[in-house]
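A.B. asks: What follows is a predicted structure for the sequence shown.
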Amino acid sequence: MLRIQNLHADVGGKEILKGLDLVVPAGEVHAVMGPNGAGKSTLSYVLTGRGGYEVTAGSATLDGEDLLALAPDQRAARGVFLSFQYPLEIPGVPALTFIRTALNAQRRARGEPEATAPEFLKLARENAAALKIDFDMLKRALNVGFSGGEKKRMEILQMAMLKPRLLILDETDSGLDIDALKIVSEGVNALRSPDRAMLVITHYQRLLDHIRPDRVHVMADGRIAASGGPELALELEREGYDKYARAA
C-alpha cells in the first residue's frame, strides 16, 4: 500500500530525511521508533504534504499513485490521515461542524454522496460512545479547553468518522494517562482492516502493548536503521537507541 524509496527531505535548508526506505502493506500496522531528532515527525509531515518540508529526492506512493504530486486535500481524499502529536485548537468551530465538513468534502472529492444530517449525527453518537466522549463535547469549539486525553480521543473519533486508508499516528500516546491510553488504543485497534494500513510513531513500548504492530522500525539520522518484529520494541525499551544512533 505505502511504498517509500530513497526519500530525502529538507526543512529550512537542513536535510532531515536522508534516504529513507519503508514499505507498509495493506492490513498491517507498522511502528516507527527512534530518538528525538531522528526525523519521525518530519516523515509524517512529508507524507501528508505540510508546507515548509521540501522533498529533494526519492518517492512515496500509495497504491502506486505518487503521493508527493498531490496537494494535501487530495491526499486526504485518497485516505491519508495524520493524528497530530499536539492537536490544534480551533476557536469558534464546533467539533461536529469540523468533522462533518471534512467528511463531506472527502466524499465530494471521491464522487460519493454527502452524509445527511441524521446519518452524520447517528455515526457521531455511535463513535463518540465507543470512545467514551460526552456528546456535548462535540458541540464545543474543536479542542478548545480539552485535556490532552480528550484531544487525542477527538483525533481517534475523526479517524473513525473519516475511515482513512492510511493512518499515521504521530506520538498519539503523548500526554495520555493509563486509562486514556487504553481507550485511545481500543479506538485504533477497532480501525484495523485488511484494506487499511497504519504507521504508528512512538518513543515508548507502552503504546505497543495495546496496539500490537506487525513490524517495528528503528529510525535514526533520517533513515530506517533496523527493522524487525514486535520483539525489537522490547529490545529498545531495555537498551535504548544508542547503538542505532552511532551506526547511523
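C.D. replies: On my side now, so go ahead.

A.B. asks: alpha carbons only for contacts and neighbour counts from here, please
C.D. replies: Fine.

A.B. asks: which helices and strands does the host helix or strand of Arg125 pack with?
C.D. replies: With the criterion set as DSSP states H and E, the secondary-structure element containing Arg125 is helix 117-130. Contacts defined by 3 or more CA pairs under 8 Å, 6 or more residues apart in numbering; DSSP states H and E place helix 117-130 against helix 148-162.

A.B. asks: mean confidence score for the helix it packs on?
C.D. replies: Computed over helix 148-162, the mean pLDDT rounds to 89.

A.B. asks: got the angle for it vs helix 117-130?
C.D. replies: Computed by axes from the mean of the first three to the mean of the last three CA atoms, to 10 degrees, the angle separating helix 148-162 from helix 117-130 equals 140 degrees.

A.B. asks: going forward can the numbers begin at 4, since that is how I track them
C.D. replies: Done: numbering now begins at 4, and the last item shifts to helix 151-165.

A.B. asks: List the contacts of helix 151-165.
C.D. replies: Identification of contacts with helix 151-165 by CA atoms under 8 Å, 6 or more residues apart in numbering yields 84, 86-87, 90, 102, 105-106, 126-127, 130-131, 134, 136, 146, 170, 175, 178-180, 183-184, 186-187, 190-191, 194.

A.B. asks: Can you flag which of those belong to helices?
C.D. replies: The helices, defined by DSSP state H, take in 102, 105-106, 126-127, 130-131, 183-184, 186-187, 190-191 from the contacts of helix 151-165.

A.B. asks: closest to Pro75 among those residues?
C.D. replies: Set against Pro75, the nearest of these by CA to CA is Ala105 (12.7 Å).

A.B. asks: Check what contacts the helix holding Arg128 and list those residues.
C.D. replies: Judged by CA under 8 Å, 6+ apart, the contacts made with helix 120-133 from elsewhere in the structure are 103, 137-138, 160, 163-164, 190.

A.B. asks: in the protein, which spans are strands?
C.D. replies: Applying DSSP state E to the chain gives strands spanning 5-14, 17-27, 32-36, 56-65, 68-69, 83-86, 93-97, 144-145, 169-173, 200-204, 218-223, 226-231.

A.B. asks: mind putting the ones you listed in CSV, distance to Glu238 and mean neighbour count included?
C.D. replies: Conversion of these to CSV gives the following (distance: least, CA to CA, whole Å; neighbours: other CA atoms under 10 Å):
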stretch, distance to Glu238, mean neighbour count
strand 5-14, 25, 18
strand 17-27, 21, 18
strand 32-36, 12, 25
strand 56-65, 29, 18
strand 68-69, 35, 14
strand 83-86, 26, 22
strand 93-97, 40, 14
strand 144-145, 38, 22
strand 169-173, 21, 24
strand 200-204, 17, 25
strand 218-223, 11, 24
strand 226-231, 10, 18
